[in-house]
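Undergrad: Please find the sequence and the predicted model below.
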Amino acid sequence: MAQAQKEFSVVGKSVARIDAFERVTGQAQYTGDIQLPGMLYARVLRSPHPHARIVSIDTSKAEKLPGVKAVIHHENAKVPWSSGGHTHQRFIFNNPVRFVGDAVAAVAATHRHIAEDALKLIEIKYEKLPHVLDPNEALKPDAPKIAPSGNLSVGKGNFSAPIEETWGDVEQGFKEADRVFEDTYFTKHVNNAQLERRVSVAKWDAGKLTVFASTQGVSNARTDIAKDFGLPLSKVRIVCKYMGGGFGNKNQAQDYDYMAAVLAKVAGQPVKLEFSREDDYIGMHGRWASEQRYKIGVKKDGTITAVALDAVTNMGAYRKQSGNLSGTDFYQIPNFRKHIKPVHTNTVVAANYRAPAYPQSVFGFASFLDQIAHEMGLNPLDMFMRNRIQKYKSKIPFTSNYLEECITEGAKRIGWQEKWHKAGALDGQKKHGIGMALGGYPYRPGLGAATIRLNPDGTAHVLVGVTDIGTGAKSTMAILAAEALGIPLSRIELTNGDTDVTPYSVGESGSRTTPFTGPAVIAAAEDVRRQIFALAAGQLKVKPEELELRNSEVFVKSDPTQKLPLQRVVARAGELIGRATTNRSFKDMEGKSFCAHFAEVEVDTWTGHVTITRYVAVHDSGTIINRLAAESQIMGGVSARDRHGVYRRADHRQTHRGTS
Amino acid sequence: MNDKTQGTKFSRRSFLKGLGSGAIGTAVVSTGLIKADPAQAYTPETTGTGRAKKSLTLKVNGKSYKVEVEHRDTLAEVLRDQLGLTGTKIGCDRGECGACTVMINGRNMYSCSQLAVWLEGQDIQTIEGLAKGDKLDPLQEAFIEHDGPQCGFCTSGQIMSGKALLMKNPRANEAQVRRGLSGNLCRCGNYNREVAAVLAVATKAR
């Protein structure tokens, strides 16, 4: 839903990505494409057991293989990996190993095949330990303990347990309800499966560590590595120019960055550590699985009076992220109680994947609302419209909220009124259905930084720490700079993702890049403009505040015929540098983007085959910076996710299992 | 699996080798991983024929390159590691994702599933050979205009599959384009854009 927008020259238009040429010609250099002189290749050996103590590890045969330069494991490389686990200490190699795929050793060799060969020569004696894979089993008192404190994943702050949230009076809300429904929904672990396998290239130069990482955040990767290696920030450089997708599982620095750094130190040569696709699936993380038990009270007209959500989320062997479920965020719930137990099991770790805490319970809650509408003889469209969120936690206003318009527009476009029918209305092998759900994501401003260098010829360099994980962040920042400076986009050059060169960036996750770094780019542009106007004021013999800059021309606002080309103004300035660090926030308000999605499906009841015949997504995203990229993001989100939804099917016991 | 084991490593190369000798255990494709008889998979290749080296001449983008490869080196590895043609990406390294797609004698092929030693004298085209200097191929132009790349990691492969299709069928319709790109995964989910780009070139040819 487009909000009323100011007149912009580039913002809001459909603009080709500034790095599209590099991306369509194969010139874009991703981390795995980097070749350094003398570089070694590294591979990782992983545990075949879900829970085992390593009794002995013999690397002598591997080390004797010609070409092998370094072998590291838990005994000779006890390096902490702080962000890998927040409830119990995690190292890059751990003993005991706690899931199939837990890293056991890494080898660097002159050729990747030699490194692979060497892995097979490492001899490990394991003592198998009892293991538990199911989160409910893991919570039983006699279950094998994975974390020292137990399998309920108790950490600090964001990693506390259980996760609890409550407002209003839930019991009173259920009393006020005409009917109370209870049901359970399940979702399974889903791997991010970004196309670029994890890879890291590390080198040391006189005590300074450079990691060419495939990361979603160069600044926080630097912070992590500096902390865990005991290095000052100035002695760690992280570079990431192009990134082949992560969807949340390349946040910060990961164990493979650490392993590459340690191997490079041991070998005294640069090291490229590559994950195989199998490593990627079993070694890192995917979206947390969940079991969501809902109790929902509703009035006869469908109005929700209370919701209680009791859930278990399977975080795997380490707590890397919250394990929360937030899909109820898009509904007006006067009385609410949430109680979620994030649980450790001997399975691969679960953490961030595109909108981490949302899809699981967007699916669960919206499916249940649709079911309740069915049981009460209500039209689901009315049910969703009636219960759409208007105020956060029933009392705090949003910075903007066009959810109602999203629902109305989407219903019109999918043809809800003509197409919706009660379940069971059609005979025959093929059934037709139409459904909807509400969604969105928090919008929060925060700490950002940017530098803009204006050259004497009127072109500009924008320096930002952002990595471009596919969202078009580089283009977004360049567009904002062009708009705020008043020069054409073609005169902007953007340098990104290098902690030695570019300023701080929060990290390209959580939909934060534009609200965090965007304001800093605008403020840096304003800083440059002030300097330009100070120079031009003398040349045009007016006061700086009487000047405007548009399309690379500086002119007097009251008389635009009095003007100078920008390059004449700055020709002798050497270089003008504008900088800004911004940290915006809002008080007593909540920020969120919103959307309403509609799907029409055909189900072959003989084969179970589901076809999505039509899909409509209507989004309230605030001011659109680049229409082309924004549309790609939404379409991409839909097509990457639709399979998660399709394969979640209901069985006959009123429980709903995800199988994706 | 016994307690003394070398881990869970299993490479696509040993899978290819298994196919060659007809000794693949159970090749089950379920979650994108191929399972095989562990005993087969864990056999160290240190003395196997895979490590034998061979000199050969590869014809890539019209130029000839003399290379020395191990028998087990895939075309994708040789293109990237030896020739520096890193526009060809490796996504799965097991013939499923299509990021490594190149054209061999005008057909789109997974370069991760072709051993370099098989390809002496064959006509190999990679993404780097598509533009003529700074002049992009119309399909590359269309990919820019239609926002084909998001993260861009699948883009080279998508373009090479699209190009192979258009060379065979310059006026391909939408169904043909979708089938032509069906061997190329895009985890950003940008399929509509990629199809639109190929279709735009096909439509102009009509």
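TA: The structure has been received and is ready for your questions. Here the structure is a predicted model, which means the values were calculated and not measured. Residues are numbered from 1 along each chain as shown, chains lettered A, B, ... in the order given.
Undergrad: okay, CA-based contacts and neighbour counts for the rest of this
TA: OK.
Undergrad: if I look at A:V603, how far off is A:T313?
TA: Between A:V603 and A:T313 the distance is 30 Å, computed by Cα to Cα, to the nearest Å.
Undergrad: out of the two, which sits in the busier spot?
TA: Using other Cα atoms under 10 Å in any protein chain shown as the criterion, A:V603 and A:T313 rank with A:T313 on top: 27 against 16.
Undergrad: Is that one bridged to anything, and to what?
TA: Note on A:T313: beta-bridge partners A:S290, A:P342, judged by DSSP bridges.
Undergrad: Tell me who's in contact with it.
TA: For A:T313, the contact set (Cα atoms under 8 Å, 6 or more residues apart in numbering or on different chains) comprises A:P135, A:W288, A:A289, A:S290, A:E291, A:G323, A:N324, A:I340, A:K341, A:P342, A:V343.
Undergrad: So for it, what's the pLDDT?
TA: Reported pLDDT at A:T313 in the predicted model: 98.
Undergrad: Check the gap between the closest residue to A:L454 other than its chain neighbours and chain B for me.
TA: Closest residue in space to A:L454, ignoring its immediate chain neighbours: A:A460 at 4.4 Å, by Cα to Cα, 6 or more residues apart in numbering or on different chains. For A:A460, the distance to chain B (Cα to the nearest Cα, to the nearest Å) stands at 23 Å.
Undergrad: Ok, A:N455 next?
TA: Per Cα to the nearest Cα, A:N455 is found 26 Å from chain B.
Undergrad: Could you verify my assumption that A:R237 touches A:R222?
TA: Yes: here A:R237 lies in contact with A:R222, judged by Cα atoms under 8 Å, at a distance of 6.7 Å.
Undergrad: okay, and the common contacts of those two?
TA: The contact sets of A:R237 and A:R222 overlap at A:T499 (Cα under 8 Å, 6+ apart).
Undergrad: could you say which helix or strand contains A:A520?
TA: Assigned by DSSP states H and E, A:A520 belongs to helix A:513-540.
Undergrad: elements contacting that helix?
TA: Helix A:513-540 sits against strand A:447-454, helix A:473-485, strand A:547-550, strand A:559-565, helix A:566-570, strand A:576-583, with contacts defined as 3 or more Cα pairs under 8 Å, 6 or more residues apart in numbering or on different chains; DSSP states H and E.
Undergrad: how about the nearest residue to A:E508 once chain neighbours are set aside, what does it touch?
TA: Excluding its sequence neighbours, the residue lying closest to A:E508 (Cα to Cα, 6+ apart) is A:Q216, at 5.1 Å. Residues counted as contacts of A:Q216 (Cα under 8 Å, 6+ apart) are A:M243, A:G246, A:G248, A:K250, A:N251, A:Q252, A:T467, A:D468, A:I469, A:G507, A:E508, A:S509.
Undergrad: Excluding chain neighbours, what is closest to the first one?
TA: In space, and not counting its chain neighbours, A:M243 is closest to A:I469: 5.1 Å by Cα to Cα, 6+ apart.
Undergrad: about what we covered before: please spell out which residues along the helix holding A:A520 are buried.
TA: In terms of neighbour count (16 or more other Cα atoms under 10 Å in any protein chain shown), helix A:513-540 has its buried residues at A:513-534, A:536-537, A:540.
Undergrad: Equivalent analysis for stretch A:254-269, please.
TA: Across stretch A:254-269, burial judged by 16+ other Cα under 10 Å covers A:254-265, A:267-269.
Undergrad: The residue in the stretch 451-600 of chain A that chain B sits nearest to and B:A197: what is the separation?
TA: Residue nearest to chain B within the stretch 451-600 of chain A (Cα to the nearest Cα): A:G470, separated by 3.4 Å. Separation of A:G470 from B:A197 (Cα to Cα): 18 Å.
Undergrad: Give the helix, strand or coil label for B:L199.
TA: Look at B:L199: counting by DSSP: H, G, I helix; E, B strand; the rest coil, its state is helix.
Undergrad: Sketch out the strands for the stretch 301-450 of chain A, chain order is fine.
TA: A:304-316, A:336-344, A:349-351, A:430-442, A:447-454 (DSSP state E, counting those that start in this stretch).
Undergrad: Over to chain B?
TA: Residue ranges of the strands in chain B, as given by DSSP state E, are B:4-5, B:28-29, B:34-35, B:53-60, B:63-70, B:101-104, B:107-110, B:123-125.
Undergrad: winner for burial among these?
TA: Stretch with highest mean neighbour count among the strands of chain B: strand B:101-104 (a mean of 26; mean count of other Cα atoms under 10 Å in any protein chain shown).
Undergrad: Now look at it and say if it contacts chain A.
TA: No: applying Cα under 8 Å from any Cα of the partner chain, one finds strand B:101-104 separated from chain A by no less than 11.9 Å.
Undergrad: Let's have the helices and strands packed on helix A:513-540 in CSV, adding mean pLDDT.
TA: Converted to CSV, these look like this (pLDDT from 0 to 100):
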stretch, mean pLDDT
strand A:447-454, 98
helix A:473-485, 98
strand A:547-550, 97
strand A:559-565, 97
helix A:566-570, 96
strand A:576-583, 98
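Undergrad: where does the stretch 551-660 of chain A have low pLDDT?
TA: For the stretch 551-660 of chain A, applying pLDDT under 70 flags the ranges A:642-660.
Undergrad: Kindly state the pLDDT recorded for residue 99?
TA: Using chain A here. A:F99 is assigned a predicted lDDT (pLDDT) of 98.
Undergrad: Please refer instead to chain B.
TA: Looking at B:A99, its pLDDT is 98.
Undergrad: Give me the distance between it and chain A.
TA: Distance from B:A99 to chain A, by Cα to the nearest Cα: 8 Å.
Undergrad: isn't that residue right up against B:T155?
TA: Yes: at 7.4 Å, B:A99 counts as touching B:T155 under the criterion of Cα under 8 Å.
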